[in-house]
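Peer 1: Got a predicted structure here, sequence first:
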Amino acid sequence: MPRSPTNSGPRPARHRTPSADLDRLAAGSLGPDAAQRLRLAERSRRLLMLRAVMEAAGEGTAAPLPPLRAAMELLSRAEQVRPDVVAGILDHAGTGVWAVRVLERLGGDGVPGRATETKVPLWEELGYLHTLAATAALRAGVAGTTLLPVRDGGITLPTLGRIRLPPALLRAVAGGGAAVAGLRLSSAGAGPAVVTAGDRHLCLPSDLRRAGSGWQPLRSVSWHVSERAVPVALEDLDPYRDFRSPGRQPPALTSPEADRWAGLLREAGALLRGRHPRAAGMLSGVLRSVVPLPAAPRFRTASASFSEAYGSALVSLPRDAVELAVTLLHEARHSALNGLDHQLPLCRDSTPEHGPLLLYAPWRGDPRPPSGLLHGTYAFAGIAEFWRTERQTLTGAEAELAHFEFAAAGAAVREALRTLLTGDALTSPGRRFVDRLAAETAGWPDEAVPARPLALARSAAADLRAVWRARHTRPHHPGRVRELADEWLRGTDPRTVAGVSSRLRSPVRFASPDPRDELRRVLLAEPEALTAHAHGALYSARRHPALVSADLALLSGALGRAARGYRSTLLERPGSAAAWAGLGLALGGNGDRAAAGALLQRPEVVRAVWQQAAGRSSRPPDPVTVADWIGRIPGMCERP
């Protein structure tokens, strides 16, 4: 095998995606053969990324560690003995996260590039490749010596565990002038590996699956999500486990916490295997590691996946196995689609005619590119499918909430599919994928949902869209807004007035969805806790007290009181998107169709005209009166 800096080590292969894989994946099915094809393609991608790091880093940038080519040569030696071990290193999510991180720090000419959010020296980050190579050598039983970076008092060996250096050895490391320690690798069966610094040393256990003095093994759970048990790592040691902020990692698990996670994973696996076989197949084929995050408040589950961390999911500690199962399914779908998209691009996020494309995603608080919309559509289709089945097994409040989740996710998926299919952002494979996904979900609207959760789901959809429009769009022609204000002040018959189009604000800013949807879920799951939740610190933080009270009145059915509360909020804070949308919901519930239509479909126009009129009057006009007038303008409340 060649030994040049860019060609040493394992080599990528050629890959193909059968059309059948595309169709089955769109339908939420991932068989073992398709899963293996995705994994092999990701493996080749990681190899190319390693070579890109080698080229960008060049010689000398890893000092005081050995050159990066030494790590690649060690990987090559390990592969000759145990190809499966090196395959596991390439499959490791941290390998992809690290490679992206380092390439961001390096310019194409090997000079440090983008600003980073960490004080970790570049050589220390590059040293992660040495830890990958050392891990492969240990697993393969390849003898030799290497130097490794010491970070936070220890050395992480990805996919194996972490060495905690005792104080004397740490002092020896510090005395050496650089945060590095030696690792003497033993050949298979020839004794334990040894960490050295100066005249100090630490022997690692012969069996690295077991804890020992100074050694913490990576926790792994045997997860029976299918007939064959799948090992899933509880990844709480790797320095690149949380790809969102590599410089600030979540804390490692305590033993009781690890036991709790393992128990929940086993329960979730049994649930999926028993009632959701397609979802179980997806998770069995994709998920290889879970990065545990601290518990989040109910209905604010934190989870994430990353395109270069295939097979890994970040998840906050769930309340129960059901929450864990649906969250992992959500992230596994993202991961699978990332793998597919790496081989076969499904979307164009910009076009020569329109430039960057940004679209409404009916689950987000901010505009998304077509690729983000497709990802969310696919993930939420999995959520809807999960609750579609799960709601049939539940009773009481749990069933009501499950019906709501199915109706809300299903409606969001249908709206997003319409957006994707009527635009020009899909590639030919992408259109085939979306057509198949649309066919898979076509029958959902015909399925019965009880009246109460269905009404709340429809309210949630209208609420999200109205808040989004109020935040991110504005009337296209400011001069026309002034004319509309003039016509309103003169009392012009709205049926004789022309409307105004709207456009996205620029620049587009990130925004979380308004939290009012939490109250709908609390109302279904724990109605006795609704008042406490609305007035709790988490919900009411940075939310006007009148708005909180109006939200509570809206969800309690006191629509008149809610409308008065939203009016009061708007007179003091006319920029409140949540108050404009909430007022529309309250009026719609009372049958005021014209005003409600304007506030829910075109809140940005109502606000702009109201502000113009308020600036020319001795006292602000009634927002409802303005909304009613705009709602009667022909065509204004047709969805733009």
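Peer 2: Arrived safely, thanks for sending.
Peer 1: contacts, neighbours, all on C-alpha from now
Peer 2: OK.
Peer 1: how close does R171 get to T196?
Peer 2: Distance, R171 to T196, using CA to CA, to the nearest Å: 12 Å.
Peer 1: who's more crowded, those two?
Peer 2: A direct count of neighbours by other CA atoms under 10 Å for R171 and T196 places T196 higher, at 20 against 14.
Peer 1: For the more buried one, which non-adjacent residue is closest in space?
Peer 2: G182 (4.9 Å; CA to CA, 6 or more residues apart in numbering).
Peer 1: Next one: that neighbour, what pLDDT does it get?
Peer 2: On the pLDDT scale, G182 is placed at 92.
Peer 1: Same check on P292?
Peer 2: Value for P292, per-residue pLDDT: 97.
Peer 1: Where does it sit: helix, strand or coil?
Peer 2: strand (DSSP: H, G, I helix; E, B strand; the rest coil).
Peer 1: List the buried residues in stretch 449-468.
Peer 2: Residues of stretch 449-468 classed as buried by neighbour count (16 or more other CA atoms under 10 Å): 449, 453-454, 456-457, 459-468.
Peer 1: Which of those residues fall within helices?
Peer 2: Among the buried residues of stretch 449-468, the residues falling in helices (DSSP state H) are 453-454, 456-457, 459-468.
Peer 1: could I get these as JSON lines with pLDDT and distance to G31?
Peer 2: Formatted as JSON lines, those follow (pLDDT from 0 to 100; distance: CA to CA, whole Å):
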{"residue": "P453", "pLDDT": "98", "distance to G31": "34"}
{"residue": "L454", "pLDDT": "98", "distance to G31": "34"}
{"residue": "L456", "pLDDT": "98", "distance to G31": "36"}
{"residue": "A457", "pLDDT": "98", "distance to G31": "33"}
{"residue": "S459", "pLDDT": "98", "distance to G31": "38"}
{"residue": "A460", "pLDDT": "98", "distance to G31": "35"}
{"residue": "A461", "pLDDT": "98", "distance to G31": "34"}
{"residue": "A462", "pLDDT": "98", "distance to G31": "38"}
{"residue": "D463", "pLDDT": "98", "distance to G31": "39"}
{"residue": "L464", "pLDDT": "98", "distance to G31": "36"}
{"residue": "R465", "pLDDT": "97", "distance to G31": "37"}
{"residue": "A466", "pLDDT": "98", "distance to G31": "40"}
{"residue": "V467", "pLDDT": "98", "distance to G31": "40"}
{"residue": "W468", "pLDDT": "97", "distance to G31": "38"}
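Peer 1: Q601: which of those is nearest?
Peer 2: Nearest to Q601 among these: A466, at 6.2 Å, using CA to CA.
Peer 1: Surely H330 and A384 touch.
Peer 2: No - using CA atoms under 8 Å, H330 makes no contact with A384, being 10.0 Å away.
Peer 1: and stretch 598-608, how far apart are its ends?
Peer 2: Using CA to CA, one end of stretch 598-608 lies 12 Å from the other.
Peer 1: do stretch 136-144 as well
Peer 2: OK, stretch 136-144 end separation, CA to CA: 12 Å.
Peer 1: Residue numbering should commence at 23 henceforth.
Peer 2: In the new numbering, first residue 23, that becomes stretch 158-166.
Peer 1: isn't there a strand covering A608?
Peer 2: No - A608: not assigned to a strand; according to three-state DSSP it is helix.
Peer 1: Just give me the neighbour total for the closest residue to it other than its chain neighbours.
Peer 2: Using CA to CA, 6+ apart and skipping residues adjacent in sequence, the residue nearest A608 is L581, 5.1 Å away. Neighbours of L581 under the rule other CA under 10 Å: 22.
Peer 1: And for S640, the neighbour number?
Peer 2: Applying other CA under 10 Å, I find that S640 has 8 neighbouring residues.
Peer 1: In three-state terms, label it for me.
Peer 2: coil.
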